[in-house]
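Peer 1: Sequence below, structure please.
(one chain, ligands or ions: 4)
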Amino acid sequence: MRPDLHTHTNLSDGSLSPAELVERALEKGITHLAITDHDTAKAYRFLPTTDLTIIPGIELSTRWMKIGIHVVGLNLDLSHPAIQAGIESQQQARLERAEQIGMRLKKLGMPNLFPAATQIAGDGTIGRPHFARALVEHGHSKDMSAAFRKYLGNGKAGDVRHVWPSLTKVIHWIRESGGTAVLAHPAHYKLTATKLRELVLDFCAAGGEALEVVNGSQRPDVTKKLAELSNDHELSASCGSDFHNPDRRWSELGQFPTLPAGVTPVWKQWNTITPFA
Ligand code: AMP
Ligand code: MN
Ligand code: MN
Ligand code: MN
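Peer 2: Ligands and ions are numbered 1, 2, ... in the order given. Below is the predicted model:
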């Protein structure tokens, strides 16, 4: 079995269509694929028939102690009213946030980039990467990473987080819909060990069941720490590339270390895979 349980399409901030993603997954020898677009499940409407086992998924934006935290929902019933209502309010929050990002950047002396970012997003759910591209196209940043460093990253003008719901709320949507809530890329938040434990404790108390022990091409010492953390809190372990596009070499589809021995893979708790159709 070769799973990749964290991937994106052009229905959020990735570049491949669902069909292209599935084709690439087959090329890379993946057997189980979860598409986990940011706050949308639209990709599941455009899936081709395939031999690949598709596991329904989503990546939801939340807020915990004013920090933006991502929770991946796996093997959930995407047609359940709880997740449907959740997606609806996340879409509203993203739109509101995008308008605010546009206004905040305008205060820094640029034109309002909301229309440009909207156009770049196309059918995809709008997010900061679309603003990053707009900033590059309008000559305000030399590349996406410079745009994040100066305007959109943690604590910068375009980092608007207050629109996101609580961790608890989001975990409820996932669990109500029969899914497993996974704390996404725990090492990305740059928390101290103490703070990370606090987050994990709150995540468990809210009904979270798994930790993303492997995310992309991650350092072995990080994986080891996260494996320990998952076992300490009796959380199962998930793994995924966080693939967005073929240019991001460090997060190629299916390219990540296997889960370390001693953790409980998240799929062990699934008796069946929920159909998405
Ligand atoms: P959002 O979901 O709108 O808050 O945007 C967050 C997304 O931006 C992440 O899922 C990444 O895909 C992307 N991202 C975050 N940091 C960077 C960066 N430094 N350079 C390029 N993309 C980034
Ligand atoms: Mn993303
Ligand atoms: Mn994420
Ligand atoms: Mn992701």
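Peer 1: contacts and neighbour counts: CA atoms only from here.
Peer 2: Fine.
Peer 1: quick check, Asn271 in a helix?
Peer 2: No: with DSSP: H, G, I helix; E, B strand; the rest coil as the criterion, Asn271 is assigned coil and is not in a helix.
Peer 1: Can you tell me what sits against the helix or strand where Ala134 lies?
Peer 2: Assigned by DSSP states H and E, Ala134 falls within helix 128-137. Here helix 128-137 makes contact (Cα atoms under 8 Å, 6 or more residues apart in numbering) with 13, 98, 113-114, 116-118, 120-121, 141-145, 147-148, 152, 158.
Peer 1: Downstream of it, the next helix or strand is which one?
Peer 2: By DSSP H and E, the next helix or strand past helix 128-137 is helix 144-147.
Peer 1: next helix or strand past that following helix?
Peer 2: Next along from helix 144-147, by DSSP H and E: helix 167-176.
Peer 1: what sits up against whatever helix or strand comes next after that next one?
Peer 2: Next in sequence after helix 167-176, counting helices and strands by DSSP H and E, comes strand 180-183. Contacting residues not belonging to strand 180-183 are listed as 70-76, 171, 174-175, 203, 207-212, 238 [Cα under 8 Å, 6+ apart].
Peer 1: can you do 10 Å?
Peer 2: The contact list for strand 180-183, computed with Cα atoms under 10 Å, 6 or more residues apart in numbering, reads 57-60, 69-76, 167, 170-175, 199-200, 203-204, 206-213, 235-239, 266-267, 269-270.
Peer 1: hmm, that strand in reach of ligand 1?
Peer 2: No: on the criterion Cα under 6 Å from any ligand atom, strand 180-183 is out of touch with ligand 1, staying 13.9 Å away.
Peer 1: got the contact list for the residue in the stretch 101-250 of the chain positioned nearest to ligand 1?
Peer 2: Residue nearest to ligand 1 within the stretch 101-250 of the chain: Gly127 (3.2 Å; Cα to the nearest ligand atom). Counting by Cα under 10 Å, 6+ apart, Gly127 touches Ser12, Asp13, His38, Arg94, Leu95, Arg97, Ala98, Ile101, Ala117, Thr118, Ala121.
Peer 1: give me every residue that touches the residue nearest to the third one when sequence neighbours are not counted.
Peer 2: I take that to be His38. Excluding the flanking residues, the one nearest His38 by Cα to Cα, 6 or more residues apart in numbering is Glu59, at 4.8 Å. If you count contacts by Cα under 10 Å, 6+ apart, Glu59 has them with 6-8, 35-41, 70-74, 181-184.
Peer 1: any idea how far the helix or strand that Glu59 is a member of is from the chain center?
Peer 2: For Glu59, the element it lies in under DSSP H and E is strand 53-64. Taking Cα atoms, centre = their mean, to the nearest Å, one finds strand 53-64 lying 6 Å from the centre of the chain it belongs to.
Peer 1: Report the mean per-residue pLDDT for that strand.
Peer 2: Strand 53-64 shows a mean pLDDT of 97.
Peer 1: and that strand, is it in reach of ligand 1?
Peer 2: No: for strand 53-64, no contact with ligand 1 is found by Cα under 6 Å from any ligand atom; the gap never falls below 6.9 Å.
Peer 1: Buried residues in that strand, which are they?
Peer 2: Within strand 53-64, the residues that count as buried by 16 or more other Cα atoms under 10 Å are Ile54, Ile55, Pro56, Gly57, Ile58, Glu59, Leu60, Ser61, Thr62, Arg63, Trp64.
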